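Trainee: sequence first, predicted coordinates after that:
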Amino acid sequence: MKIRDLAVVVVSLALAWACTPAEEASTADGSAQAVAAGGEASSPLMERAQAMFEPLPAEPPELEGNPITPVKVELGKKLYFDPRLSQSWLISCNTCHNLGLGGVDLMETSIGHGWQAGPRNAPTVLNSVYNLAQFWDGRAADLMEQAQGPVQASVEMSSSPERTVATLKSIPEYVAMFGEAFPDYEDPVSFENMARAIEAFEATLVTPGSPFDQYLLGDDAALGEEQQIGLALFMDSGCTACHGGILLGGTSYQRFGAVRNPGVELLPPEDRGRFNVTGNPNDEFAFKVPVLRNIELTAPYFHKGKVWSLEQAVGVMGEAQLGREFTPVERAEIRAFLASLTGTQPVVEYPVLPVHTPDTPKPDPWLGLGTDLR
Ligand code: HEC
Ligand code: HEC
């Protein structure tokens, strides 16, 4: 109990700090309006934004211990789209992280093997290479570790490392590609190298060039009047305490309901978030702060996926994280700003997948399911 109280104090202090800029709200709003009216004087707002955020680089970052090469990316792309990595041969990474849909599945919580519903909403894979760790609770350190999870998860692809390697080794074109992509490995076709190839492909899934990036790079006209007011409001009301940096998120774990509990529908008591990983009472109901890039494309929102409207999500955040009730106009302004975070989507040519052989383990869409489902 004591420790928990302390946690509340710490969060409140952090928020008090985060909220100080609110006192400058009128000047910032004023400058945003001046832009719209006069077409100059935008610099104070732009300057503040440049200090707070970073444009998304056009090129993917380097991966530790996993150099990105064209053949590895091509292999990773095939694996990403290959449903034969699942027990049923029906589910690929792209099923739940659809690259034509902003890298998500548009479900409240994902549906995997045998139509089983998982416990959480699928976050986007776009730009995920910049996250401090992967999953809502950060239980995977990086994309390479992450990619090994869904293949095995019984509610997702429901396969196993052994079965996956047997599948890959039974397909000659994959064996050849793994050999080229991992020339320094004695046994190139391994579960870990599958994950490395997928990681290399995912690292290329970045979305630079959004209107907000153009604005950060000095183009005043890239954001309209309402969007600039929304940007000022986003910074002044304290959203940036958690949603800053390159992705406007993805850099810390924060308690959902830092100020006010958002209610059992959005925050059911059985999912204690980061606490499940660390066992630290301070981490109870803390989740990785989601990235806001391409947020307009990735409804429904929050880890339970219960909110379909972005304006409503803004309202929830105001109350739960900042103790502030936004007016409908303010919610629309912030929403307009958030829409400027949609970048150029990666154009991915759907890969032709290598042909399997009689040795390839056969699909078993019914494994582990009751006969009534058949
Ligand atoms: C059945 C749907 C499903 C499939 C299939 C699936 N995922 Fe996911 N993915 C999810 C869900 C749900 C989460 C969030 C789970 C959590 O946080 O506990 C997630 C999380 C992730 C994340 C973390 C993103 C972040 O911001 O934390 C990445 C990256 C990812 N998946 C990549 C993949 C890859 C690569 C594959 C294929 C090997 C894959 N997923 C297959 C549903 C799926
Ligand atoms: C104290 C930290 C904190 C502050 C301040 C904060 N957020 Fe969040 N935000 C979070 C966390 C944590 C989540 C994930 C909650 C969950 O679903 O578990 C989140 C989720 C969101 C989402 C949903 C993202 C998704 O992919 O589902 C949006 C949109 C959002 N925040 C916008 C805002 C806006 C706008 C503000 C300012 C009004 C704001 N946030 C202030 C921490 C914060």
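Mentor: Yep, that arrived. Ligands and ions are numbered 1, 2, ... in the order given.
Trainee: does residue 120 really touch residue 136, like I thought?
Mentor: Yes - taking C-beta atoms under 8 Å as the definition, residue 120 is a contact partner of residue 136 at 5.6 Å. Quick note: C-beta positions are derived from backbone N, CA and C, even for glycine.
Trainee: so what sits against both of these two?
Mentor: By C-beta atoms under 8 Å, 6 or more residues apart in numbering, residue 120 and residue 136 have these common neighbours: residue 303.
Trainee: looking at those two, which one has more neighbours?
Mentor: Using other C-beta atoms under 10 Å, the more surrounded residue of residue 120 and residue 136 is residue 136, with 22 against 19.
Trainee: all strands of the chain, in order?
Mentor: Here the chain has its strands, by DSSP state E, at 111-112, 116-117, 253-255, 286-288.
Trainee: in this protein, what secondary structure element scores lowest on mean pLDDT?
Mentor: helix 25-38 (a mean of 36; mean pLDDT, DSSP states H and E).
Trainee: kindly report the domain assignment for this protein.
Mentor: 18-59+208-339, 70-205 (automatic domain parsing).
Trainee: so which of the ones you listed gets nearest residue 366?
Mentor: domain 70-205 (7.4 Å; C-beta to C-beta).
Trainee: how far does that closest one stretch from start to finish?
Mentor: Length of domain 70-205, first residue to last, C-alpha to C-alpha, to the nearest Å: 14 Å.
Trainee: again, but for stretch 87-101
Mentor: 24 Å.
Trainee: and for it, what are the contacting residues?
Mentor: 79-83, 85-86, 103-107, 110, 112-114, 122, 124-125, 147, 150, 156-159, 163, 198, 205, 297, 345-346, 348, 363-365, 367.
Trainee: buried ones from those, can you make that a PyMOL selection?
Mentor: Typed into PyMOL, the line below selects the buried ones among those, using 16 or more other C-beta atoms under 10 Å:
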select buried, resi 79+80+81+82+83+85+86+103+104+105+106+110+112+113+114+122+124+125+147+150+156+157+158+159+163+198+205+297+345+364+365
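Trainee: counting only helices, which of the contacts of stretch 87-101 make the cut?
Mentor: 79, 80, 81, 150, 163, 198 (DSSP state H).
Trainee: need the contact list for the last one.
Mentor: Yep, that's residue 198 we're talking about. Per C-beta under 8 Å, 6+ apart, neighbours of residue 198: 76, 79, 80, 93, 143, 144, 147.
Trainee: 7 Å instead, please
Mentor: Contact analysis of residue 198 by C-beta atoms under 7 Å, 6 or more residues apart in numbering lists 76, 79, 80, 147.
Trainee: quick one on the thing from earlier: need the strands of the chain in TSV (columns: mean pLDDT and distance to ligand 2).
Mentor: TSV is the format used below for the strands of the chain (pLDDT from 0 to 100; distance: least, C-beta to the nearest ligand atom, whole Å):
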stretch	mean pLDDT	distance to ligand 2
strand 111-112	94	18
strand 116-117	91	17
strand 253-255	97	4
strand 286-288	98	4
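Trainee: most tightly surrounded among those?
Mentor: Comparing the strands of the chain by mean neighbour count (mean count of other C-beta atoms under 10 Å), strand 286-288 ranks first with a mean of 24.
Trainee: so how far is it from its chain's centroid?
Mentor: 12 Å (C-alpha atoms, centre = their mean, to the nearest Å).
Trainee: same question for stretch 209-228.
Mentor: Taking mean C-alpha positions (C-alpha atoms, centre = their mean), stretch 209-228 and its chain are 22 Å apart.
Trainee: now do the helices in the stretch 201-350 of the chain.
Mentor: 211-216, 225-236, 275-278, 310-322, 328-339 (DSSP state H, counting those that start in this stretch).
Trainee: pLDDT score for the nearest residue to residue 224 once chain neighbours are set aside?
Mentor: Closest residue in space to residue 224, ignoring its immediate chain neighbours: residue 336 at 7.3 Å, by C-beta to C-beta, 6 or more residues apart in numbering. pLDDT, residue 336: 98.
Trainee: name the residues of this protein found near ligand 2, please.
Mentor: The chain has residues 234, 237-239, 241-243, 254, 256, 258, 287, 289-290, 292, 295, 298, 301-303, 313-314, 317-318, 321-322, 334 near ligand 2, with proximity defined as C-beta under 6 Å from any ligand atom.
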